[in-house]
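Enquirer: give me coordinates for this.
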Amino acid sequence: MVQLTQSPQATTNPGRLTVETVEIACETTAIRCLDWDRERFDIEFGLQNGTTYNSFLIQGEKVALVDTSHGKFEQLYLEIITGLIDVNTIDYLIISHTEPDHSGLVKNILELAPSITVVGAKVAIQFLENMVHQPFESMVVKSGQKLDLGNGHELEFVSAPNLHWPDTIFTYDYKTSTLYTCDVFGMHYCDDRTYDENFTEIEEDFKYYYDCLMGPNARSVLSALKRIDKLEIVTVATGHGPLLQHNISEWIGRYQNWSLEQAKTEKLVALFYVEDYGYSEELVRAVAHGSNRTDVAVELVDINNTELTEVREIVSQAAGLVIGMPPQSNDVAIAALNTILAAVHNKQAIGLLESGGGEDEPIYPLRNKFQELGLTEAFSPILVKETPSKATEQLCDEAGTDLGQWLNRDRTIKQIKSIDNELEKSLGRISTGLYIITAKKGEVQSAMLASWVTQASVNPLGVAIAVAKDRAIESLMHVGDRFVLNVLEEGKYQGLMKHFLKRFAPGADRFAGVKTYPAATNESPILAEALAYMECEITTRMDCGDHWVIYSTVHTGRVAQVNALTAVHHRKMGNHY
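Expert: Now for the predicted structure:
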């Protein structure tokens, strides 16, 4: 039976919000929050048909809630869930991943039911601790682990990292043959129909969603598909859009084919770590984040839980390898290291880092072995002697970016050389100014030379900047972040330009030898030699292919030399800079 509830706040909410509750299987209820008029989903893509946020209630002898909803549904969702069940009787809150559109009401549920146990991947629990700012009971689960709710509802968890969040897990209920997949197999589509009977109507939205969210992680998609291959699936309970029941084999087959095709064209970075040892996973994920920025595929491999044949296969497919050093006493991990050494070849790049567990396998003997085999070292070994700080995370992130850029070097060179196109030459005649963007967040700071900068609005005062996705500073340039736009002076810019154009080693201080003072509103470095500066706050990011176009409001600024001119940059071609 389907029940619909309309938002009582329709006059104050941007767009129409409704909630549908429907029994989708034995003792299983879907709570579908329908956002009819949403036009854009974060920064990824525009929406033609709104979207939905799906949550699920499984009532065996024990009760589990799978995901919550978006914060905009707070009043509606809480009214519905408290009408369905006494929230204090919910034993488990399963977090498929911590993206706010699915976990936006976790804190509200914890306030209503403080004894509930939150279930999720290790990374998800860590993320939630930083999100809800209150203690809670938790259960960390791994792929293959099971949770028995009674009445036949035995749940099995399936790890699906990077789809499209680093902490994603699937949940499979053996009693109902329902697979809860969060974002995977979903689509941004708002409709009264609960299921996918209108195949031809929604297939375009299904493909669009895959291209925007799943395609960039095609190899992770293939890994997840392999893990669910043996499951008998009657219903795919997605986090967005209609639930899949009528055409499951077709939908899964399309994911398989699209991902296989995409994986053929991608450079793969394989990152090996030992879960629960030191800071191995944390550091490797930071490297993966940096590599992802450069448009390469990444695959995280827990060598404690991966067969040697699979390790060998992953190494054979990878263009770049990163290894978080395992403990010397771990025979399984040492066997995996030997397998990696036997499978590598001299066209691959390698990066090594200590795990900080106290008894790491020595890093330099292993480094020497890889060098003897002819592998290129993408970054110097990262040595961890204490608890990783934000600066350590930045070091790993920048190391991953360097690795990805090295892997893409041939493509970049080919792009630069292909300048026989009159359009590219004409685009290159667009002149721009020269600027240095500086940003600081906590103890992490960075800078970049910029030329694609323009004033974008008068009321409010705002500027737009194009930032390449593979720039290290990109991680400091998200909505809500602050930075300083330093304007370079004509005739006096060469020194600063030369300094900030040079290649910095991962973690290097980009401001060494440069005179700066902190901005009043955000402590980002202001360059003493700049002609002028503006203190800015980012309000919007738009995806423009290989760049983000970042719009920011300007809070304050100052000109050092009133009569001086801004340095001007003239290019010859429009296919690189």
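Enquirer: any idea how far M497 lies from K107?
Expert: Distance, M497 to K107, using Cβ to Cβ, to the nearest Å: 47 Å. (Glycine included, C-beta is placed from N, CA and C.)
Enquirer: so who does the residue nearest the centre of the chain touch?
Expert: Closest to where the C-alpha atoms of the chain average out (Cα atoms, centre = their mean) is W165, at 5.3 Å. Residues counted as contacts of W165 (Cβ atoms under 8 Å, 6 or more residues apart in numbering) are 97-99, 183.
Enquirer: most neighbours, which of those residues?
Expert: H97 (26 neighbours; other Cβ atoms under 10 Å).
Enquirer: confirm that residue sits in a helix?
Expert: No: going by DSSP: H, G, I helix; E, B strand; the rest coil, the assignment for H97 is coil, not a helix.
Enquirer: now T68. Its backbone dihedrals?
Expert: Dihedral pair for T68: phi -120, psi -130, per degrees, to the nearest 10.
Enquirer: what number of residues lie near it?
Expert: Per other Cβ under 10 Å, the neighbour tally for T68 reads 27.
Enquirer: how much space separates the residue lying closest to it once chain neighbours are set aside from L93?
Expert: Sequence neighbours aside, L105 is the residue nearest to T68 in space, at 3.9 Å (criterion: Cβ to Cβ, 6 or more residues apart in numbering). For L105, the distance to L93 equals 10 Å [Cβ to Cβ].
Enquirer: one more: Q134?
Expert: To L93, Q134 is 14 Å away according to Cβ to Cβ.
Enquirer: the two - which one has more neighbours?
Expert: Legend: neighbour count by other Cβ under 10 Å for Q134 and L93, higher for L93 (26 against 11).
Enquirer: identify the bridge partners of that one.
Expert: Per DSSP bridges, the residues bridged to L93 are L65, V118.
Enquirer: same deal with E489?
Expert: T566.
Enquirer: who's in contact with it?
Expert: By Cβ under 8 Å, 6+ apart, the neighbours of E489 are 529-531, 561, 564-567.
Enquirer: for those, which one is nearest N54?
Expert: A530 (50.2 Å; Cβ to Cβ).
Enquirer: ramachandran angles for that closest one?
Expert: phi -70, psi 150.
Enquirer: I'd say it and L434 touch.
Expert: No: the pair A530 and L434 does not pass the contact test of Cβ atoms under 8 Å, sitting 10.5 Å apart.
Enquirer: when those two are compared, which one has more neighbours?
Expert: A530 (24 against 21).
Enquirer: residue contacts, the nearest residue to the more buried one once chain neighbours are set aside?
Expert: Spatial nearest neighbour of A530, excluding adjacent residues (Cβ to Cβ, 6+ apart): N486 at 3.9 Å. For N486, the contact set (Cβ under 8 Å, 6+ apart) comprises 435-438, 526-527, 530, 532-533.
Enquirer: and N486, how far from S55?
Expert: 47 Å.
Enquirer: where does Q3 land on pLDDT?
Expert: pLDDT for Q3: 57.
Enquirer: which residue ranges of the stretch 451-577 of the chain form helices?
Expert: For the stretch 451-577 of the chain, the helices defined by DSSP state H, counting those that start in this stretch cover 494-501.
Enquirer: all strands for it, in order.
Expert: With DSSP state E, counting those that start in this stretch as the criterion, the stretch 451-577 of the chain has strands at 453-457, 462-468, 482-487, 516-518, 525-527, 532-544, 547-559, 568-569.
Enquirer: what does the host helix or strand of K226 contact?
Expert: In this assignment (DSSP states H and E), K226 forms part of helix 218-228. The contact list for helix 218-228, computed with Cβ under 8 Å, 6+ apart, reads 143, 158-163, 170, 172, 179, 184, 214, 252, 255-256, 258-260, 262-263, 266, 268, 297-299.
Enquirer: the residues you listed in strands, which ones?
Expert: Under the assignment DSSP state E, these contribute 158-159, 170, 172, 179, 268, 297-299 to strands.
Enquirer: ok, of the residues you listed, which come out buried?
Expert: With burial judged by 16 or more other Cβ atoms under 10 Å, the buried subset of the ones in strands among the contacts of helix 218-228 is 158-159, 170, 172, 179, 268, 297-299.
Enquirer: which one of those residues is nearest T516?
Expert: V298 (34.1 Å).
Enquirer: could you say which helix or strand holds the spatially closest residue to that closest one that is not a sequence neighbour?
Expert: Counting by Cβ to Cβ, 6+ apart, A288 is the residue found nearest to V298 once chain neighbours are left out, at 4.4 Å. Using DSSP H and E, A288 sits within helix 280-292.
Enquirer: give me the pLDDT for the residue nearest to T117 when sequence neighbours are not counted.
Expert: Sequence neighbours aside, E137 is the residue nearest to T117 in space, at 4.4 Å (criterion: Cβ to Cβ, 6+ apart). In this model, E137 is scored at 95, pLDDT.
Enquirer: count of neighbours near E137?
Expert: Using other Cβ under 10 Å, E137 has 13 neighbouring residues.
Enquirer: that one and S115 touch, don't they?
Expert: Yes: the criterion here is Cβ under 8 Å, and E137 meets it with S115 at 6.9 Å.
Enquirer: quick check: M187 vs N54, distance?
Expert: Distance from M187 to N54, by Cβ to Cβ: 11 Å.
Enquirer: and for the two, which residues touch both?
Expert: Shared contacts of M187 and N54, counting by Cβ under 8 Å, 6+ apart, come down to 238, 240-241.
Enquirer: what is the nearest of these to G152?
Expert: Nearest to G152 among the shared contacts of M187 and N54 is T238, at 23.1 Å by Cβ to Cβ.
Enquirer: who's in contact with the nearest residue to the closest one once chain neighbours are set aside?
Expert: Once flanking residues are discounted, T238 sits nearest to G186: 3.9 Å by Cβ to Cβ, 6+ apart. By Cβ under 8 Å, 6+ apart, the contact set of G186 is 209, 238-241.
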